[in-house]
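J.: I'd like to go over a predicted model; first the sequence, then the structure.
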Amino acid sequence: MRTPIIAGNWKMHNNIEESLKLVRAIKSYDLAKNVEKVVCVPFTDLKSVKEEIKGTDIKLGAQNMHFEESGAYTGEISASMLKEIGVDYVIIGHSERREYFNETDETVNKKIKTAIKHNIKPILCVGETLEQREANEQKKIVKTQIEGALKDIETRDIEEIVVAYEPIWAIGTGKTASSIDAEDMIKFIRETINSLYGSLSQKVRIQYGGSVKPSNIVELMEKEEIDGALVGGASLKAEDFVKLVNF
Ligand SMILES: O=C[C@H](O)COP(=O)(O)O
């Protein structure tokens, strides 16, 4: 039985005061105990949010990190810096980073290895563009992304990784993949992991992401293969995020 995981990706929203207001509002609700909840906040807000969620079961996530331990990488943040603050999760390979910051399967793979080394759980994002879907290439694309990201990842570490399937055409557009299509791809991702790690694939949690909101969460979570959601827009409103957690 895999524990569902609902993660909010706040992207480049919220200064410290706004983040604290949001997280205070979230923790004021009764939150489902059997669902893991994560808030992935901007780097500058991590420390303050960490303080605010102390004593709750809300986990802290970052949205990116560098794969090197340290060095002359102006503007970058290392895994040990995140760990020092108490970060539990880090989003790796989000499509926005692949598109705007030249993230490749190779850098994604390096980042996953470094995150694991520092006991930070990676949320590995994969997904196809609209063009690729229209050309019916989505499975080929996602398979390449998964195999590239997991290259030489040790068997003992595979359970630590959460995969988020986010079709790019569904991100921030209001268009959600149908729950049937989402489950079909997630099943395919599990089969791909199975071909690399055997039955351990059953322990890997795979989320769906892309315009998830209170009105579609139940249908998505009813699907046996879907283990949670990576949520952008709806995670910025406490009431909506709580509805997702308490699906
Ligand atoms: O990381 C989250 C995804 O990019 C989904 O964003 P969205 O829920 O605003 O579509």
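T.: Arrived safely.

J.: Now tell me what touches the helix or strand where residue 206 lies from outside.
T.: Using DSSP states H and E, the element containing residue 206 is strand 205-209. With contact meaning C-beta atoms under 8 Å, 6 or more residues apart in numbering, strand 205-209 is reached by 2-5, 7, 9, 123, 125, 127, 162-166, 170-171, 177, 182, 186, 189-190, 220, 225-232. Glycine gets a C-beta too; all of them are placed from N, C-alpha and C.

J.: Among the residues you listed, which ones are in helices?
T.: Cross-referencing those against helices under DSSP state H gives 182, 186, 189-190, 220.

J.: Residue 136 should be in a helix, yeah?
T.: No. Read with DSSP: H, G, I helix; E, B strand; the rest coil, residue 136 is coil and lies in no helix.

J.: tally of neighbours for it?
T.: If you count neighbours by other C-beta atoms under 10 Å, residue 136 ends up with 9.

J.: Tell me the pLDDT of it.
T.: Note on residue 136: pLDDT of 95.

J.: Specify the beta-bridge partners of residue 36.
T.: Beta-bridge pairing for residue 36 (DSSP bridges): residue 5.

J.: Who are the contact partners of it?
T.: 3-6, 57, 59, 228.

J.: so where do the strands sit in this protein?
T.: Remark: strands assigned in the chain by DSSP state E are 5-9, 36-40, 58-62, 89-92, 121-126, 162-165, 205-209, 228-231.

J.: Which one of those strands lies nearest to the ligand?
T.: When these are compared by C-beta to the nearest ligand atom, strand 5-9 sits nearest the ligand, at 3.5 Å.

J.: Is there proximity between the closest one and the ligand?
T.: Yes. Counting by C-beta under 6 Å from any ligand atom, the ligand is contacted by strand 5-9 at residue 9.

J.: That strand to strand 121-126, inter-axis angle?
T.: Interaxial angle, strand 5-9 versus strand 121-126 (axes from the mean of the first three to the mean of the last three C-alpha atoms, to 10 degrees): 80 degrees.

J.: Quick one: distance of strand 5-9 to the chain centre.
T.: Strand 5-9 sits 7 Å away from the centroid of its parent chain (C-alpha atoms, centre = their mean, to the nearest Å).

J.: Now residue 159: closest residue in space that isn't a chain neighbour?
T.: In this structure, residue 159 finds its nearest non-sequential neighbour in residue 203, 4.7 Å apart by C-beta to C-beta, 6 or more residues apart in numbering.

J.: distance of the one you found from residue 11?
T.: In this view, residue 203 and residue 11 are 29 Å apart by C-beta to C-beta, to the nearest Å.

J.: Ok, residue 247 next?
T.: With C-beta to C-beta as the criterion, residue 247 and residue 11 are 22 Å apart.

J.: what's the weakest-modelled helix or strand in this structure?
T.: Least confident helix or strand of the chain, by mean pLDDT, DSSP states H and E, is helix 130-134 with a mean of 93.
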